[in-house]
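[1] Let's see this in three dimensions:
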Amino acid sequence: MKNRYVRTIILSRVLLQLGIWIRNFAVLLYVTERTNNDPFAVSLISVAEYAQRFVERSFGG
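    Residues are numbered from 1 along each chain as shown. Next up is the predicted model:
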C-alpha cells in the first residue's frame, strides 16, 4: 500500500486485535490457574464478556 494513512490505520487495527487476543488468553490462563481448571469458571469468562453486549443490543437495537 502506498497510502501512509491507510497503512497506519490497518496496522493499528491489527495491533489492537492482537492486544485483545493476548489479554483474553492471559485472563483465560489466570482463571484456569486460580480455579484448578474448573470448566464452569472458565466458561464464565465468555458469559461475562458477552453478557453486556447482549443486554445492550436487546434494548438498544
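[2] Tell me which residues are up against the helix or strand of the chain with the lowest mean pLDDT.
    Least confident helix or strand, the chain: helix 39-60 with a mean of 87, by mean pLDDT, DSSP states H and E. For helix 39-60, contacts defined as CB atoms under 8 Å, 6 or more residues apart in numbering pick out 24, 27-28, 31-32, 34-35. C-beta here means a position set from N, CA and C on the backbone, and glycine is covered the same way.
[3] ok, now with 6 Å
    Surrounding helix 39-60, the residues in contact under the criterion CB atoms under 6 Å, 6 or more residues apart in numbering are 31-32, 35.
[4] Average pLDDT for the longest helix along the chain, rounded please.
    Criterion DSSP state H: the longest helix present in the chain is helix 4-34. Per-residue pLDDT values across helix 4-34 average out to 94.
[5] mind listing what's buried in it?
    Within helix 4-34, the residues scored as buried using 16 or more other CB atoms under 10 Å are residue 31.
[6] tell me how far it is from the chain's mean position?
    Centroid separation for helix 4-34 versus its chain: 7 Å, with CA atoms, centre = their mean, to the nearest Å.
[7] Show me what that helix packs onto, helices and strands only.
    For helix 4-34, the packing partners by 3 or more CB pairs under 6 Å, 6 or more residues apart in numbering; DSSP states H and E come out as helix 39-60.
[8] quick one: the helix it packs on to helix 4-34, angle?
    Angle, helix 39-60 to helix 4-34, by axes from the mean of the first three to the mean of the last three CA atoms, to 10 degrees: 140 degrees.
[9] Can I get helix 39-60 in CSV? Just the C-alpha atoms.
    In CSV, the C-alpha atoms belonging to helix 39-60 read as follows (Å, rounded to 0.1, in the frame of the first residue of the first chain):
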residue,chain,number,x,y,z
PRO,A,39,-14.6,-25.7,33.3
PHE,A,40,-17.5,-23.8,34.8
ALA,A,41,-15.3,-20.9,35.9
VAL,A,42,-13.6,-20.8,32.5
SER,A,43,-16.9,-20.7,30.7
LEU,A,44,-18.0,-17.7,32.9
ILE,A,45,-15.3,-15.7,31.2
SER,A,46,-17.2,-15.7,28.0
VAL,A,47,-20.5,-15.1,29.7
ALA,A,48,-19.0,-12.1,31.5
GLU,A,49,-17.6,-10.8,28.3
TYR,A,50,-20.7,-11.1,26.1
ALA,A,51,-23.5,-10.5,28.6
GLN,A,52,-23.1,-6.8,28.5
ARG,A,53,-23.3,-6.7,24.7
PHE,A,54,-26.3,-9.0,24.7
VAL,A,55,-28.2,-6.8,27.2
GLU,A,56,-27.3,-3.6,25.4
ARG,A,57,-28.3,-4.8,22.0
SER,A,58,-31.5,-6.3,23.2
PHE,A,59,-32.7,-3.0,24.5
GLY,A,60,-30.8,-0.6,22.3
